[in-house]
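> With the input below, show me the fold.
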Amino acid sequence: MTPGETGYSVAIVGASSLLGRELRAVIRARRLPISRLIELESGGGADAEPELPVLDIEKDEAAEFLASQASVSGIDVAFLASATDPAQALLASGMPPLVIDLDGGLAEPEREPPQIAFLDTRAGSAPETHPSGTHVVAAAHPVTMIVSALLLRLSTRTEITSAVAQVMSPASHLGPRGIEELQKQTVNLLSFQKIPRAIFGSQLAFNLLPRLSGSGSDALSALEKRIRAELGSTLAGRAPLAAVKLLQSAVFYSMSVLLYVETAQPMAPAQAAHAISGEPIHMSRASDRPPSQVDATGTAEILVDSIVADTSRPNGLWIWAAADNLRLAADNAVRIAEKLLPSGPAANIVRERVH
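Modelled structure (predicted):
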């Protein structure tokens, strides 16, 4: 696979999803050298919006196109932002040579560790090869990225005996439907009207739920299962597998993780902070305002508050982290593409509209 004269041909499957839109923004911000961006959808799902198959990268406008020009032929890399039918069509055709799976529907974390661009999680293994000949690369979920980074970096300085992670999951995990229902619940509660409960099953606005009883229940359970599998593969004995529990928070975008860690020997919070600091983790001091989901929104940084020692357990440490789940996932996927796509003359292209 080599770049064309004007750059790579890129496809985003599930492009109108929240994660798909974030991918577009990151591709533009990081100036990934591409000549054609094709958006593929499942054809009218609840999260879908009007399809814009070919885009002008510079102006971010729909370009005029013929149906034949929106075909999947000649695609160099595809980003899978949602579990949609076109993903299977891409693989069935043997195209493209590289697929980066953000949704977790194709890659198998038990066989290959999901990739985290700023961490070594692959131990030199080659990307998994699909029977079609396509290389499928798993991109780690943001929760996996945060917990793995904290535990693996901390384990280089001390032995960790146990870890527990509580994740405050935002409504954006459930897509536009989750965002819409949380918004309607909030507005209706303030106006003393009946609230919708189809997605969450109960009142989430101004509340925190340990589980969902609506149609979003399966999605939250599936996410928890995916994160456990990814952590088992990513940590791979280098740090103990963290017990993970997802809670549904009344937050629209961005998530937070409260990680409790016990070490074999007492460790000062300052030492722990020094061990885990480094791109993209941004450490706060005790004198700073504590970081929140609001602070993390729109950035690919992992914001970590000053670490606190547990007063009743001398070997215990509490670590609070916040991150924009959509931006972190998209940034990681594009960075993976930058590492795996061969460099060449396309690195300095002037982007052109496809006609």
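> Now do the strands in the stretch 51-200 of the chain.
Along the stretch 51-200 of the chain, counting by DSSP state E, counting those that start in this stretch, strands occupy 55-56, 61-62, 77-80, 98-101, 128-129, 135-138, 160-169.
> of those strands, which approaches residue 260 most closely?
strand 160-169 (4.7 Å; C-beta to C-beta). To be clear about C-beta, it is placed using only N, CA and C from the backbone, and glycine gets the same treatment.
> partners of that closest one, with directions?
The strands that strand 160-169 pairs with in its sheet are strand 243-249 (parallel), strand 255-263 (antiparallel) (by DSSP bridges).
> ok, and which of those strands has the densest surroundings?
Of all these, strand 255-263 carries the top mean neighbour count, a mean of 21, counting by mean count of other C-beta atoms under 10 Å.
> Now it - C-alpha only, PDB.
Output of strand 255-263 as PDB, limited to C-alpha atoms (Å, rounded to 0.1, in the frame of the first residue of the first chain):
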ATOM      1  CA  MET A 255     -16.300  10.600  30.900                       C
ATOM      2  CA  SER A 256     -14.500  10.100  34.200                       C
ATOM      3  CA  VAL A 257     -12.700   7.200  35.800                       C
ATOM      4  CA  LEU A 258     -12.100   6.700  39.500                       C
ATOM      5  CA  LEU A 259      -9.300   4.200  39.900                       C
ATOM      6  CA  TYR A 260      -8.400   2.700  43.200                       C
ATOM      7  CA  VAL A 261      -5.000   1.000  43.300                       C
ATOM      8  CA  GLU A 262      -3.200  -1.000  46.000                       C
ATOM      9  CA  THR A 263       0.500  -1.500  45.900                       C
END
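> need the next SSE after it, C-terminal direction.
Note on strand 255-263: by DSSP states H and E, the next helix or strand toward the C-terminus is helix 269-276.
> Any chance you could list what contacts that next one?
The contact list for helix 269-276, computed with C-beta atoms under 8 Å, 6 or more residues apart in numbering, reads 149-150, 153-154, 156-158, 283, 304, 306-309, 317, 319.
> Now rank these by neighbours and give me the top one.
Highest neighbour count within those, by other C-beta atoms under 10 Å: residue 150, with 28 neighbours.
> wait, that one sits on residue 319?
Yes: between residue 150 and residue 319 there is a contact under C-beta atoms under 8 Å: 5.9 Å.
> Overlap in contacts, the two.
Common contacts of residue 150 and residue 319, defined by C-beta under 8 Å, 6+ apart, comprise 259, 261, 276, 304.
> How about the last one: what's its closest non-neighbour residue?
In space, and not counting its chain neighbours, residue 304 is closest to residue 321: 4.8 Å by C-beta to C-beta, 6 or more residues apart in numbering.
> Against residue 329, how distant is that neighbour?
Residue 321 sits 15 Å away from residue 329, going by C-beta to C-beta, to the nearest Å.
> can you check residue 177 too?
According to C-beta to C-beta, residue 177 stands 19 Å off from residue 329.
> thinking again about what came up before, for the helix or strand the residue nearest to residue 304 falls within, which strands pair with it and how are they oriented?
Residue 321 belongs to strand 316-323 when elements are defined using DSSP H and E. Applying DSSP bridges, strand 316-323 is found paired with strand 255-263 (antiparallel), strand 302-304 (antiparallel), strand 308-309 (antiparallel).
> Same list, those, but as CSV with mean pLDDT and distance to residue 23 please.
Formatted as CSV, those follow (pLDDT from 0 to 100; distance: least, C-beta to C-beta, whole Å):
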stretch, mean pLDDT, distance to residue 23
strand 255-263, 98, 18
strand 302-304, 98, 19
strand 308-309, 97, 35
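> Out of the ones you listed, the one nearest residue 340 is which?
strand 302-304 (22.7 Å).
> Report the contact partners of residue 321.
The contact partners of residue 321, by C-beta under 8 Å, 6+ apart, come to 146, 150, 256-257, 259, 281, 291, 302-305.
> that older thread, residue 177 and residue 329 - which one has more neighbours?
Ranked by neighbour count (other C-beta under 10 Å), residue 177 and residue 329 place residue 329 first, with 25 against 16.
> Can you say which of the strands paired with strand 160-169 is nearest to residue 75?
So among those, strand 255-263 is nearest, using C-beta to C-beta, at 31.2 Å.
> can you list contacts of the closest one?
When contacts are defined by C-beta under 8 Å, 6+ apart, strand 255-263 is touched by residues 142-143, 146-147, 150-151, 154, 158-170, 173, 242, 249, 292-293, 310, 313, 315-323, 325.
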